[in-house]
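>>> Have a look at this fold, sequence not included:
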């Protein structure tokens, strides 16, 4: 007896002849029938998309300038965050448009992320509010945007130069964390010429009250076509309070002028003293890669 042709063989081209079988013509399957072979996988239920305008709670908190997303997760897990009056501890919770988010009894507002660079003049303190009503850097940023921004790091009252402002809590945390090692360049004008010996000491490290500290580079600054040894350029990565002034004071110098010319690759080019500008998308992308 001749073996019957396998059903799967019949799905080949219509001009094929199986052993001992007559040629057959391929025909279209009847409407409603399914082709022979593997059973098709059961259709998966489509995932329900998040509602338009929804945002993860940790991202919402970070956009409000409170902290980074990771720290926001900790606040949520601790039960410190409320949405519409109820404590939310669920990770991945979606905040809907119109929801009210509270932390520490204060209503939070998620905003568009903004980034600004200020060339700070002398005589302004780096704070968002001063009980003594002294001049603050926020006065210089008045009217730059509708969002609530704040300075990243600080420059003391007498120090001039670059200061970054943003409402991106996650980026601000990263740029100010000691492990990030954001580099800064200062131009320092002193009361007397800096000796080669002292420059070597600064490179090797000096013992301060809060531990040893060294600079990454130090060079005499060129003033026109001449070198003024009272003015030096200093590069370092530390974010310690008043670190440049303290380093030179430890060696017996008085700092007459201190100007931050570079911060995380950003420079003062075409930015007059007392003025600000918004960062470009390219600059923001560079900062986020640090």
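Sure, I can see it. This one's a predicted model, so the numbers in the text were calculated from it and none came from an experiment.

>>> Could you use CA atoms for every contact and neighbour count after this?
Noted.

>>> In contact with residue 124, which residues?
Counting by CA atoms under 8 Å, 6 or more residues apart in numbering, residue 124 touches 134, 135, 136, 137, 156, 157, 158.

>>> Also residue 152?
The contact partners of residue 152, by CA under 8 Å, 6+ apart, come to 163, 164, 165, 166, 172, 175, 176.

>>> Same check on residue 187?
Here residue 187 is in contact with 221, 231, 232, 233, 234, 257, 258, 259, 260, 261 (CA under 8 Å, 6+ apart).

>>> And the helix or strand that the fifth one is a member of, what's buried?
The one in question is residue 234. Assigned by DSSP states H and E, residue 234 belongs to strand 226-236. By neighbour count with 16 or more other CA atoms under 10 Å, strand 226-236 contains the buried residues 228, 229, 230, 231, 232, 233, 234, 235, 236.

>>> Strands - which of the contacts of residue 152 land there?
Within the contacts of residue 152, residues falling in strands by DSSP state E are 163, 164, 165, 166.

>>> Tell me where the stretch 51-200 of the chain has strands.
Counting by DSSP state E, counting those that start in this stretch, the stretch 51-200 of the chain has strands at residues 55-56, 81-83, 86-87, 94-95, 101-103, 106-108, 115-120, 150-152, 160-166, 184-190.

>>> Relative to residue 93, which of the buried residues of strand 226-236 is nearest.
Taking CA to CA as the measure, residue 93 lies nearest residue 236 of the buried residues of strand 226-236, at 41.2 Å.

>>> OK, contacts around the closest one?
The neighbours of residue 236, taking CA under 8 Å, 6+ apart as the test, are 183, 184, 185, 214, 215, 216, 217.

>>> What subset of those is buried?
Here, 16+ other CA under 10 Å leaves 183, 184, 185, 214, 215, 216 buried among the contacts of residue 236.

>>> so can I have TSV of these showing pLDDT and distance to residue 98?
Converted to TSV, the buried ones among the contacts of residue 236 look like this (pLDDT from 0 to 100; distance: CA to CA, whole Å):
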residue	pLDDT	distance to residue 98
183	92	41
184	96	42
185	97	45
214	96	51
215	97	50
216	96	50
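
>>> and these as CSV, adding distance to residue 117?
Formatted as CSV, the buried ones among the contacts of residue 236 follow (distance: CA to CA, whole Å):
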residue, distance to residue 117
183, 16
184, 14
185, 15
214, 27
215, 24
216, 24
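
>>> if we can go back for a sec, would you turn the ones in strands among the contacts of residue 152 into JSON lines with distance to residue 109?
Formatted as JSON lines, the ones in strands among the contacts of residue 152 follow (distance: CA to CA, whole Å):
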{"residue": "163", "distance to residue 109": "24"}
{"residue": "164", "distance to residue 109": "21"}
{"residue": "165", "distance to residue 109": "18"}
{"residue": "166", "distance to residue 109": "15"}
